[in-house]
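Engineer: Give the three-dimensional model of this entry:
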Amino acid sequence: MYHSRRDSGYDGYTVGKPIPMWKEGAAQDVQIVLTEECNLRCKYCYITHKASDKVLSFETAKKHIDLLLSGVIARKNAVILEFIGGEPLIEMQLVDQICDYFKLATFLKNDDWYWNYRFSFSSNGVNYDSKEVQDFIRKNKGKVYIGLSIDGNKEKHDLQRVFPDGSGSYDTIIKNVPLWREQFGANTKATFASDDLPLLKDSIVDLWTHDIVVSANVVFEDVWKDGDDIIYEDQLKALADYAIDNDLHSSKYCTLFDESIGYYIDPQDLNRTHCGAGKMMALGTNGNIYPCIRYKDYSLNKKDEWVIGTVDGGIDMDKVRPFIAAMVRLQSNEECLKCEVASGCPFCQGFNYDEAETPTNFSRATYICKMHKARVRANNYYFARLFNKKGIRKKPSNKRTKRLYFLLSDSYVDYCEYQNQIQKATKVMTHEEVLAGLEFAHQHFYSPIFVHPKDVFLGDRNWGLDEHHILHLVPARFYAQAKSVLNDFIPVFCFEDVEKHSVGDSMETVMLNISASEISNLAQSVEKLLAFADRVHLNTFGLGEDFDLAAYEAQLNIISNCLAEHKDKEFNVISDYEGLVEHNNCKAGSESFAFAPGGNLFVCPGFYSNGHTPIGDPNNGITHHPNGHLFEDAYRPICERCDAHQCVGCSYTALLRTNEVNIPAALQCEKATIERNIAADFLNKLHGFPMIQQTSYSDPIEKFIAETDAVQGYYKHNTK
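Structural biologist: Take a look at the predicted model:
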């Protein structure tokens, strides 16, 4: 919310970064089931109906390739033929025939896929060193990738990945790792279930000692017992400590840590789905074609298989349509859609289909809910320690997260459109209250933000809070002290501070508080701050009848011209408009709360400073938030018809002026519309063509009245 989108300093880690894949997202994924037999009997395997007599014929494979190249199906310019089983490497003669046919057919057709293809295998590694496999690798060097599944150390691996006689397979597979690492760089996918969770940290460490890149996940099935999430979180935290303390964070990979997870889901992502079922296609041994192998009978336990075509009859596009139309918002329940850490929560559409009450693709199993939340808490711990110990910041995201503002005293510095009138502290948060608030924030996925007093610097306290990434909002007058002791802080300027400040250190972000009487100095102050800061975040006070909208508009136009000259700079009420698809308001009472001296939770600082009733405390959570739904965006009828998404939308200002937290005052709307139109003009000039139209109204209530059955009555919009 506050940091510049161009933040730097987050390239110092690999643990937490995605693993690069060949043409990820740009290649057509075609799965080919070679055999339904396997030489292992892994206990957590989702292929629950293996069969030794079901093997793909070469003739069937040829028909499938001919179908792919026939032009009757839409496709991408590159392709990955993914050979799976059972265990695909037990059918290498068949694989070789299929691959030769594919290369010849694409060559004869002068098809783009002749150059842009990869052969991919997911193998258990038992016969990786066999002559047949190695001959194939040499023959197709540079065009083949084989991934082996190694779960971790011997104890963990042999607990799950066993031969039919129950004996472990670790020793058989680990001897192939040096050759595999030499040929392909060694990237494994480790899977964890309830009974092996206590072995997670040691297992990942063991894989790292063999220089193996670790992709990992937990099973989707309904296997999780009470307390498994605690074990999972503790194991991941122990792994985080090991990686950081041994400086492995910048050389190893483990996808259980992920910089992109743990946020509210983006509106754009609500209209997508998590997995690629229906975008890929899977060929079964019998010639049937599926949206993914998880829709084939050998991995289904409760539903009939979902066939979308055959190699002889082609694709039934009507059977594909449900996958094209599948999207998270239609597949998820209300709890998932409102989940504060929904981003990165995985699901398998095929498994969802098998678990659904009716045979539908529009359903979602949520067995891993608590496990995902445990993973997010551990990720927050990892990235906080990485920053506090190594100075390496997690890559910033424009996705939403909940925020908890710690008002360290009742004289807290102003950080929003509510202006705190107390100048001298009479109440200061105790260390015990801080710790209680941080534990609450950790458990409930709030980003902690410490709001410092105006009159005294508290940053030199012995916080001892390395496991939390805390953003500090500090009065600019204390900049020098903050710089010496705080890892992450934003200096908060008022007009007088700007006048006194001499350009020195460069800063990423600064906050500027300015009152209605100082509006004529806004552009001058912003230009001075942008001389040394990448980003200025503006808070305006005094939205009353004396707030000069015309002067504000003139000042914003000057700032817009300044931004056009310095395209690497940001000013929130103008720059932030680009890319926003929903209101970026303060979210007070829904996703943002204040934690105050005395140990109570409040909707926002305005509710605390003006004596409103607390809504809870860290020990019991939010217990009394009457009509709390009114703070949610869905209950803002005027705002939902407005696209001034950069609008601050202060709920406390709305309450003071309209008596309702969800109905903004006219002045708030007019101010936001001015910002929106100047931002639109700025972006149109920046990109060289008209991207965004100007609004036809100064206040979105005009649009609301026009588009609804609302009775206007005697309401008349005030204009100056």
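
Engineer: where does Ala243 land in three-state SS?
Structural biologist: helix (DSSP: H, G, I helix; E, B strand; the rest coil).

Engineer: distance between the ends of stretch 481-494?
Structural biologist: Chord length of stretch 481-494, first to last residue, is 18 Å (C-alpha to C-alpha, to the nearest Å).

Engineer: which parts of it are buried?
Structural biologist: For stretch 481-494, a neighbour-count test (16 or more other C-beta atoms under 10 Å) marks Ala482, Leu486, Asp488, Phe489, Ile490, Pro491, Val492, Phe493, Cys494 as buried. C-betas here are computed from N, CA, C, even on glycine.

Engineer: residues in contact with the last one?
Structural biologist: Right, the one you point to is Cys494. Ala476, Leu512, Asn513, Ile514 (C-beta atoms under 8 Å, 6 or more residues apart in numbering).

Engineer: Same question for the fourth one.
Structural biologist: Applying C-beta under 8 Å, 6+ apart to Phe489 gives the contacts Gly459, Leu471, His472, Leu473, Val474, Ala482, Lys483.

Engineer: element containing the closest residue to it other than its chain neighbours, please.
Structural biologist: Nearest residue to Phe489, sequence neighbours excluded (C-beta to C-beta, 6 or more residues apart in numbering): His472, at 3.9 Å. When elements are assigned from DSSP states H and E, His472 belongs to strand 471-475.

Engineer: Distance from that strand to the middle of the chain?
Structural biologist: How far strand 471-475 lies from its chain's middle: 25 Å, per C-alpha atoms, centre = their mean, to the nearest Å.

Engineer: got the contact list for that strand?
Structural biologist: 2, 413, 415, 447-454, 457, 459, 482, 486, 488-492, 497, 511.

Engineer: and that strand, which residues are buried?
Structural biologist: Those buried within strand 471-475 under the rule 16+ other C-beta under 10 Å are Leu471, His472, Leu473, Val474, Pro475.

Engineer: Go through the residues you listed and say which is closest to Leu656.
Structural biologist: Nearest to Leu656 among these: Leu473, at 23.0 Å, using C-beta to C-beta.

Engineer: For Lys131, see how far away the closest one is.
Structural biologist: Leu473 sits 66 Å away from Lys131, going by C-beta to C-beta, to the nearest Å.

Engineer: Asp226 too?
Structural biologist: Where Lys131 is concerned, Asp226 sits at a distance of 50 Å (C-beta to C-beta).

Engineer: Equivalent analysis for Glu570, please.
Structural biologist: Taking C-beta to C-beta, one finds Glu570 at 60 Å from Lys131.

Engineer: Looking at the two, which has the bigger crowd around it?
Structural biologist: Glu570 (22 against 9; other C-beta atoms under 10 Å).

Engineer: With adjacent residues omitted, what lies nearest to that one?
Structural biologist: Per C-beta to C-beta, 6+ apart, closest to Glu570 is Arg535, 4.1 Å.

Engineer: Is the nearest residue to Asn153 once chain neighbours are set aside within a helix or a strand, and which one?
Structural biologist: Nearest residue to Asn153 in three dimensions, chain neighbours excluded: Asp206, at 3.9 Å (C-beta to C-beta, 6+ apart). Here Asp206 is covered by helix 200-209, with elements defined by DSSP H and E.

Engineer: Which elements pack onto the following helix or strand past that helix?
Structural biologist: Moving toward the C-terminus from helix 200-209, the next helix or strand (DSSP H and E) is strand 213-218. Under the contact criterion of 3 or more C-beta pairs under 8 Å, 6 or more residues apart in numbering; DSSP states H and E, strand 213-218 touches strand 187-192, helix 200-209.

Engineer: Output these as CSV; include the columns mean pLDDT and distance to Arg181.
Structural biologist: Shown next, in CSV, are those (pLDDT from 0 to 100; distance: least, C-beta to C-beta, whole Å):
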stretch, mean pLDDT, distance to Arg181
strand 187-192, 96, 10
helix 200-209, 98, 11
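
Engineer: now the ones you listed in a markdown table, with distance to Phe704 and mean neighbour count?
Structural biologist: Output for the helices and strands packed on strand 213-218, formatted as a markdown table (distance: least, C-beta to C-beta, whole Å; neighbours: other C-beta atoms under 10 Å):
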| stretch | distance to Phe704 | mean neighbour count |
| --- | --- | --- |
| strand 187-192 | 51 | 21 |
| helix 200-209 | 53 | 21 |
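
Engineer: Tell me which of those lies nearest to Arg138.
Structural biologist: With C-beta to C-beta, the closest approach to Arg138 among the helices and strands packed on strand 213-218 belongs to strand 187-192: 20.2 Å.

Engineer: List of residues touching that closest one?
Structural biologist: With C-beta under 8 Å, 6+ apart as the criterion, strand 187-192 contacts 19, 44, 122, 147-152, 160, 200, 203-204, 207, 212-219, 232.

Engineer: Mind giving me the PyMOL command for buried ones among the residues you listed?
Structural biologist: In PyMOL syntax, the buried subset of those is picked out as below (16+ other C-beta under 10 Å):
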select buried, resi 44+122+147+148+149+150+151+152+160+200+203+204+207+212+213+214+215+216+218+219+232
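
Engineer: the helices in the stretch 151-300 of the chain, which residues?
Structural biologist: 154-160, 170-174, 177-184, 200-209, 228-245, 267-270 (DSSP state H, counting those that start in this stretch).

Engineer: want to throw those helices into a markdown table with distance to Gln524?
Structural biologist: Below are the helices of the stretch 151-300 of the chain laid out as a markdown table (distance: least, C-beta to C-beta, whole Å):
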| stretch | distance to Gln524 |
| --- | --- |
| helix 154-160 | 63 |
| helix 170-174 | 68 |
| helix 177-184 | 60 |
| helix 200-209 | 54 |
| helix 228-245 | 45 |
| helix 267-270 | 37 |
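
Engineer: Looking at those helices, which is nearest to Ala356?
Structural biologist: helix 267-270 (19.7 Å).

Engineer: what residues does the closest one touch?
Structural biologist: Met327, Val328, Arg329, Leu337, Ser343, Val581, Glu582.

Engineer: try stretch 253-260
Structural biologist: Contacts for stretch 253-260 (C-beta under 8 Å, 6+ apart): 10, 14-19, 204, 208, 213-217, 236, 239-240, 243, 343-344, 375, 378-379, 382-383, 394-395, 397.

Engineer: PyMOL command for the buried members of those residues?
Structural biologist: A single PyMOL command selects the buried members of those (16+ other C-beta under 10 Å):
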select buried, resi 10+14+15+16+17+204+208+213+214+215+216+236+239+240+243+343+344+375+378+379+382+383+394+397
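
Engineer: Just the buried positions in stretch 551-560, please.
Structural biologist: Under the neighbour-count criterion of 16+ other C-beta under 10 Å, stretch 551-560 has Tyr552, Glu553, Gln555, Leu556, Asn557, Ile559, Ser560 buried.

Engineer: Figure out which of the helices and strands packed on strand 213-218 is closest to Glu91.
Structural biologist: Here strand 187-192 is closest among these (C-beta to C-beta), at 20.7 Å.
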